[in-house]
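# Give me a model of this one.
(one chain, ligands or ions: 1)
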Amino acid sequence: MSALAPGSTVGILGGGQLGRMLAVAAAQLGFDVAIYTDEEDSPASRVSARTIVGAYDDAAKLADFARGVEVVTTEFENVPAATAEALIAAGATVRPDPRVLAVAQDRFEEKSFFAANGIATPPFAKVDSQADLDAAIAKIGARAILKTRRLGYDGRGQIRINTAANAEGAHAKLGAPGILEGFCAFEREVSIIAARAVGGDIAFFDLNENEHSGGILSRTTLPSKAPAAVTETAQAAARKVLQAFDYVGVLTIEFFVMPDGGIIANEMAPRVHNSGHWTIEGALTSQFEQHIRCIAGWPLGLTTRIADIEMINLIGDDANDWAKYAAEPGAHLHLYGKREARPGRKMGHVTRLIR
Ligand code: AMP
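Residues are numbered from 1 along each chain as shown. All right, here's what the predicted structure looks like:
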């Protein structure tokens, strides 16, 4: 596929806020956007030219979607493998290559992939039974976190284990195939957002420093206080992942920075990421435009950061304070148009450029 001409249609699987911000960026470059989602009235569909609402295993609707778009991308990593296969069977170009989804959506596969590529991870072990859990604790130690292998996000599907006694019954409580990870007493959390174009060019945004609350990202600041060597190691890790999958698009990897300055990969997201929302106002090209450029076969945009940054997430009822942020000079308020503010739900964010 040569470079996609303006006026072409970009397809996005998923209708959440990442899809919404991707759609806005695509529209700015002159593309039409079609959304495929299983949700009526989704945040992304309300800013897009077209939406097909269907189940992710509805092969007929997926084929219909594939026929109407020039390229398909994904805004969430839990896209079932069968969905991507159905799209490819219908003739769609899917970017990035869905092989990366199979790795990113299973924490055990993901950590095994990191380890096989020389990217440091916490100690980890597969847990399919209480006996596995007991054996994993004997190996890794009780200071650990039991996580579901699949479908966990924002700290969901996780059980903190501190003592062996705590581990009793924990596998049954998790209720799904799991992975035990050694607890990392990190100094800070950072993420790297990288992009790879069709021809293989790679660009990085500056390293994000992230604070979580209850497992959910609450605040991102730049520049990170991590030493410069951390950025180099994070970029080298991202480069390996990009090249391993002949990746096209934006990719994010989250790391723990340890007191000795070493970094440990926590997880990767084969997509744009919450910790990169600041790039809309704070970089010469946003992560959303960068992703659209990549999947459209366009050249990469410049990633230069233009100010120091604070981005805060508006979670649940935080979004009720929209008028306060709207009145704050220089604060960039983003609201995702979600109808209901459930606790823990990402409703919007605010970016402040500090000069
Ligand atoms: P996750 O959903 O795996 O990204 O986990 C959400 C958050 O929980 C992370 O951003 C960390 O703050 C914390 N966390 C997850 N895994 C570990 C770990 N192995 N050691 C220490 N903290 C962790």
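# Pretty sure L207 sits against A226.
Yes: between L207 and A226 there is a contact under CB atoms under 8 Å: 6.4 Å. Where C-beta positions appear, they are placed from N, C-alpha and C, glycine not excepted.
# between these two, which one's more packed in?
Remark: of L207 and A226, L207 carries more neighbours, 24 against 20, as counted by other CB atoms under 10 Å.
# shared neighbours of L207 and A226, anything?
Residues touching both L207 and A226 (CB atoms under 8 Å, 6 or more residues apart in numbering) are V190.
# ok, now which residue in the chain is the farthest from the centroid?
The centre of the chain is farthest from one residue, A165, which by CA atoms, centre = their mean lies 34.3 Å away.
# Show the model's pLDDT score for that one.
Listed pLDDT for A165 reads 83.
# would you say it is within a strand?
No: assigned with DSSP: H, G, I helix; E, B strand; the rest coil, A165 falls outside any strand and is helix.
# and it, how far is that from R149?
Distance from A165 to R149, counting by CB to CB, to the nearest Å: 24 Å.
# counting contacts, what elements does the helix ranked longest in the chain pack onto?
Determined from DSSP state H, the single longest helix within the chain is helix 228-244. Packed against helix 228-244 by the contact rule (3 or more CB pairs under 8 Å, 6 or more residues apart in numbering; DSSP states H and E) you find helix 107-116, strand 188-196, strand 202-204, strand 249-257, strand 263-269.
# Flag every residue of the stretch 51-200 of the chain that's near the ligand.
P122, I145, G152, G155, E181, F183, C184, E189 (CB under 6 Å from any ligand atom).
# Show me the shaky parts of this structure.
1, 153-155 (pLDDT under 70).
# domain ranges for it?
9-94, 123-182, 188-354 (automatic domain parsing).
# Quick one: end-to-end length of the shortest one, please.
Going back to what we said before, that points to domain 123-182. 5 Å (CA to CA, to the nearest Å).
# Buried subset of the residues of the stretch 51-200 of the chain next to the ligand, written for ChimeraX?
If you want just the buried ones from those in ChimeraX, going by 16 or more other CB atoms under 10 Å, the selection is:
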select :122,145,152,181,183,184,189
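# I'd like the residues of the stretch 51-200 of the chain next to the ligand laid out as TSV, including secondary structure and distance to L333.
Listed next are these as TSV, based on DSSP: H, G, I helix; E, B strand; the rest coil; distance: CB to CB, whole Å:
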residue	secondary structure	distance to L333
P122	coil	36
I145	strand	34
G152	coil	30
G155	coil	25
E181	strand	36
F183	coil	36
C184	coil	34
E189	strand	25
